[in-house]
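Peer 1: model this:
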Amino acid sequence: MTLKKISLDEFLRLRKLVHRSARPLDYAKWKFLFENGSCDDFLLVLSSYQNEDGGFGHNIECNNWNPNSSPYTVCIALDYLDTTGDYESNIKSKIISDILKYLNSGAYLLDDGWVGMQGIPSNNDFAHMPWFHFDSGKAEEADIGVTKRLADFILKHADKDSSLYCKAEVLKERYEQCGQVILHGYPDYDPSVLNIKEFDPETYPSWLPLPVYFVNSPESSFYSECRRTVDMNLDTIIDALLGIHEIRLPSAEELEAYEQNNPHPDGKRWCVAEQTIGNYYWGSNFIIRDLDILRKFGRLDFDLPVLTE
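Peer 2: Residues are numbered from 1 along each chain as shown. The predicted structure is shown next:
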C-alpha cells in the first residue's frame, strides 16, 4: 500500500505560511528542524522566555500571557527543549540548571506534586483563556500530568544526592500506575482510558492531540501495537495540512460567538487583543508540530534539510 506523504511543493507552500506568521520561538524551531538552522539560535530564543527564578512565562503558551513562572509553563518549555534531543551546549546546560533551580524552590509544590495550569492566582491578572482561569480548588491539588513530567526531568538531570532528586523519586513512584500524562500542553491525557489501540475517529475527543503524538516515533514501545492508529492519524494530519491555505485571525463574529458560549466569570471578555494574537500564533505552531511528526514517521516525500533559496 502506498502511504500518503507531503510533497516538496506542499512543504514549500506551508513554509511560506510559517515564515510570515510564526512568532520568533516557533520560527527558530522551524529553522532548526527543517532548514539546517542553528540549535543554539533556537535555544537562545527559548531562553528569552525564562525568568530569573528559572521558570518560564511570557506567553510561551500562546493562550496565557502571564509573564510569571509556573510548573505548567515549565512543561511547555520542556516540550521545546525536547526538540533538541541529545544536543549539548552551554546555552542548553544553563537553561536546564535554571529550571532545576526553579523546581527546587518549591514554588507551587504540594506534598503530592505540583499544581496545574488552573492553580496559579496571577493568571487572572493577565489575558488568558478559560482553561487558565484560577480555581482555588485546583491550587490545593497536584496535577498528575505536570508532576510526572517534572519528576522525569528531575530524575534525568538533577544531582542524585540532592533532596530534589529524592522528592522526584517519591513522586515518580506514587504515580507509577497512573496513566495520565501531559501531552502537548494537554493535562491528564490518558492513553489507557482513551484506548488508543482501538482508535475511533468518530468517538475520539476532537480537542485532544491525536494518539500518534503520544506514540511520538517509530522507536516507541507503543508503536507496534498502535501502528493502525498511527497510520490513520498520519493520513488525517496530511489531509488537514493540505487544506491549510492561510493562517487568519478569527472574525468578529467568531469571537463574539465564543464569548456568548463561554461567559467570563468576572463579566470580562476572554478574546481581547492578546488572545486574538495568541490564536493566530497557534496556526504556525500546529503546522510545525504536524510536519515534525510526519518527519519522524517518514511521511515527507523529500530529503531534509530544505535550504532557503
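Peer 1: From the centroid of the chain, which residue is nearest?
Peer 2: The centre of the chain sits closest to H184, judged by CA atoms, centre = their mean, with a distance of 3.2 Å.
Peer 1: which helix is the longest one in this protein?
Peer 2: helix 273-296 (DSSP state H).
Peer 1: In that helix, which residues are buried?
Peer 2: 274-275, 278-281, 283-294, 296 (16 or more other CB atoms under 10 Å). Every residue, glycine included, has its C-beta placed from N, CA and C.
Peer 1: separation between the residue nearest to the centre of the chain and F286?
Peer 2: 10 Å (CB to CB, to the nearest Å).
Peer 1: which neighbours do those two share?
Peer 2: Contact criterion CB atoms under 8 Å, 6 or more residues apart in numbering; no residue bridges H184 and F286 by contacting each.
Peer 1: quick one: the strands in the stretch 51-200 of the chain?
Peer 2: Along the stretch 51-200 of the chain, counting by DSSP state E, counting those that start in this stretch, strands occupy 109-110, 113-114, 181-183, 186-189.
Peer 1: For those strands, give me JSON lines that also has distance to F214 and mean pLDDT.
Peer 2: Below are the strands of the stretch 51-200 of the chain laid out as JSON lines (distance: least, CB to CB, whole Å; pLDDT from 0 to 100):
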{"stretch": "strand 109-110", "distance to F214": "26", "mean pLDDT": "98"}
{"stretch": "strand 113-114", "distance to F214": "21", "mean pLDDT": "98"}
{"stretch": "strand 181-183", "distance to F214": "6", "mean pLDDT": "96"}
{"stretch": "strand 186-189", "distance to F214": "7", "mean pLDDT": "89"}
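Peer 1: if you compare these, which one is most tucked away?
Peer 2: Comparing the strands of the stretch 51-200 of the chain by mean neighbour count (mean count of other CB atoms under 10 Å), strand 113-114 comes out on top with a mean of 26.
Peer 1: Show the contacting residues for L33.
Peer 2: So L33 contacts 83, 288, 291-292, 295, 304 (CB under 8 Å, 6+ apart).
Peer 1: make it 10 Å
Peer 2: With contacts defined as CB atoms under 10 Å, 6 or more residues apart in numbering, L33 is in contact with 39, 42, 83, 288, 291-292, 295, 304-305.
Peer 1: In the residues you listed, find the pair that's most separated.
Peer 2: C39 and L291 (17.8 Å; CB to CB).
Peer 1: coming back round to it: put the alpha carbons of the longest helix of the chain into CSV.
Peer 2: What follows is helix 273-296, C-alpha atoms only, in CSV (Å, rounded to 0.1, in the frame of the first residue of the first chain):
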residue,chain,number,x,y,z
ALA,A,273,-6.4,41.5,21.5
GLU,A,274,-3.8,39.3,23.2
GLN,A,275,-5.9,36.2,22.7
THR,A,276,-6.6,37.0,19.1
ILE,A,277,-2.8,37.2,18.5
GLY,A,278,-2.3,34.1,20.6
ASN,A,279,-4.8,32.1,18.5
TYR,A,280,-3.0,33.4,15.4
TYR,A,281,0.3,32.1,16.7
TRP,A,282,-1.2,28.6,17.1
GLY,A,283,-1.6,28.3,13.3
SER,A,284,2.1,28.1,12.6
ASN,A,285,2.8,26.2,15.8
PHE,A,286,0.5,23.4,14.7
ILE,A,287,1.9,23.3,11.2
ILE,A,288,5.4,22.9,12.6
ARG,A,289,4.2,20.2,15.1
ASP,A,290,2.4,18.3,12.3
LEU,A,291,5.3,18.4,9.9
ASP,A,292,7.6,17.3,12.6
ILE,A,293,5.6,14.2,13.4
LEU,A,294,5.4,13.4,9.7
ARG,A,295,9.2,13.8,9.5
LYS,A,296,9.6,11.3,12.4
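Peer 1: Listing request: residues of the stretch 1-150 of the chain with sub-threshold pLDDT.
Peer 2: For the stretch 1-150 of the chain, no stretch has pLDDT under 70.
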